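Chemist: Sequence and computational prediction follow.
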Amino acid sequence: MTETTVYSGNGLVHIKNPHLDSMEEDILYHLNLGTKTHNLPAMFGDIKFACIGGSPNRMKAFAQFMHKELGLKGDGEDLADICAGTDRYVMYRAGPVLSISHGMGIPSISIMLHELIKLLHYAKCQDVTIIRIGTSGGLGIKPGTVVITDTAVDSSFKPRFEQVVLDDVVVRSTELDKDLAKELLACSKEIPDFPTLIGHTMCTYDFYEGQGRLDGALCSFSSEKKLEYLKRAYNAGVRNIEMESTAFAALCGLCGLKAFILKTNILISISIS
Ligand code: R2B
């Protein structure tokens, strides 16, 4: 079964689960929020951007940065974690911007995104853009380069996210908005010394063997095999590697959210020459 991205055009966030209608209360367990315990429209109805990244500390720092950039009252140093009460994720708010951590890997970002998307839906948010920011490993590009993802691909360089649902494999599209990527690239040109490019982002299920690293506890391939694989990835258009983009692109696309991914390659940049 293949599911493709559908944009509804009315700006609302769409959840595709008929079972939710018959639930008396929806508890967003990992965000420590709920439809009865919290007035979600009052708390979040005016949110326009949800910026997400792996690390809790970095997402706090990002919220503080946004607070200052937006010229909001106070120095922003004492922003409260909206998800205090759970230590799974953190969530801060700076004006219309939410800053949320998602942890590492597809299972972790997927749990957070299910709950965030339901939150935005219950809060009746409109025209929300969701942005994944953070780090990744560059492939054949200069360290420090920002990659704007045009398509998230899997370890076989295919634009798909395979999810096992019961005992079926559901395949979901991972295409992102290419016009938006070009718009962002144009913005980056206005900033001096800000190396930026558009490319495919490869999403893996593992940081070590899954990304061709030779330094994990297990390694089942030679350094020649590693290089041959990474060269094929580069030739397929991959410019960076990380562990969440396919799930992110698929979930946001299916729920009608405008989504993009911006990653700085600060982890490593693998030379493939
Ligand atoms: C980038 O960095 C993390 C691994 O160190 C992972 O979350 C990713 O995608």
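Modeler: Yep, it's here.

Chemist: secondary structure class for D206?
Modeler: coil (DSSP: H, G, I helix; E, B strand; the rest coil).

Chemist: how about it, what does it touch?
Modeler: M243 (C-beta atoms under 8 Å, 6 or more residues apart in numbering). C-betas here are computed from N, CA, C, even on glycine.

Chemist: do that again at 10 Å, thanks
Modeler: Counting by C-beta atoms under 10 Å, 6 or more residues apart in numbering, D206 touches G105, S155, R213, G216, L218, M243.

Chemist: Out of those, the closest to the ligand would be?
Modeler: Nearest to the ligand among these, counting by C-beta to the nearest ligand atom, is M243 at 3.7 Å.

Chemist: Of the contacts of D206, keep whichever come out buried.
Modeler: Buried subset of the contacts of D206 (neighbour count, 16 or more other C-beta atoms under 10 Å): G105, S155, M243.

Chemist: ok, and which of those residues reach the ligand?
Modeler: M243 (C-beta under 6 Å from any ligand atom).

Chemist: returning to what we had before: need the contacts of D206 in CSV (columns: distance to L166 and pLDDT).
Modeler: Output for the contacts of D206, formatted as CSV (distance: C-beta to C-beta, whole Å; pLDDT from 0 to 100):
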residue, distance to L166, pLDDT
G105, 22, 98
S155, 23, 98
R213, 33, 96
G216, 31, 97
L218, 30, 97
M243, 24, 97
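
Chemist: Okay, and the beta partners of whatever residue of the chain ends up closest to the ligand?
Modeler: Among all residues of the chain, E242 sits closest to the ligand, at 3.2 Å; criterion: C-beta to the nearest ligand atom. Beta-bridge pairing for E242 (DSSP bridges): C203.

Chemist: would you list every one of the strands in the stretch 1-150 of the chain?
Modeler: For the stretch 1-150 of the chain, the strands defined by DSSP state E, counting those that start in this stretch cover 2-3, 27-28, 33-34, 49-53, 91-94, 97-101, 129-135, 137-139, 146-153.

Chemist: Now render those strands as JSON lines, adding mean neighbour count.
Modeler: Below are these laid out as JSON lines (neighbours: other C-beta atoms under 10 Å):
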{"stretch": "strand 2-3", "mean neighbour count": "12"}
{"stretch": "strand 27-28", "mean neighbour count": "18"}
{"stretch": "strand 33-34", "mean neighbour count": "20"}
{"stretch": "strand 49-53", "mean neighbour count": "23"}
{"stretch": "strand 91-94", "mean neighbour count": "24"}
{"stretch": "strand 97-101", "mean neighbour count": "25"}
{"stretch": "strand 129-135", "mean neighbour count": "20"}
{"stretch": "strand 137-139", "mean neighbour count": "25"}
{"stretch": "strand 146-153", "mean neighbour count": "25"}
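
Chemist: Distance to A250 and mean pLDDT for those - can I get that in a markdown table?
Modeler: Output for these, formatted as a markdown table (distance: least, C-beta to C-beta, whole Å; pLDDT from 0 to 100):
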| stretch | distance to A250 | mean pLDDT |
| --- | --- | --- |
| strand 2-3 | 8 | 54 |
| strand 27-28 | 20 | 98 |
| strand 33-34 | 24 | 98 |
| strand 49-53 | 15 | 97 |
| strand 91-94 | 22 | 98 |
| strand 97-101 | 18 | 98 |
| strand 129-135 | 13 | 94 |
| strand 137-139 | 21 | 94 |
| strand 146-153 | 8 | 96 |
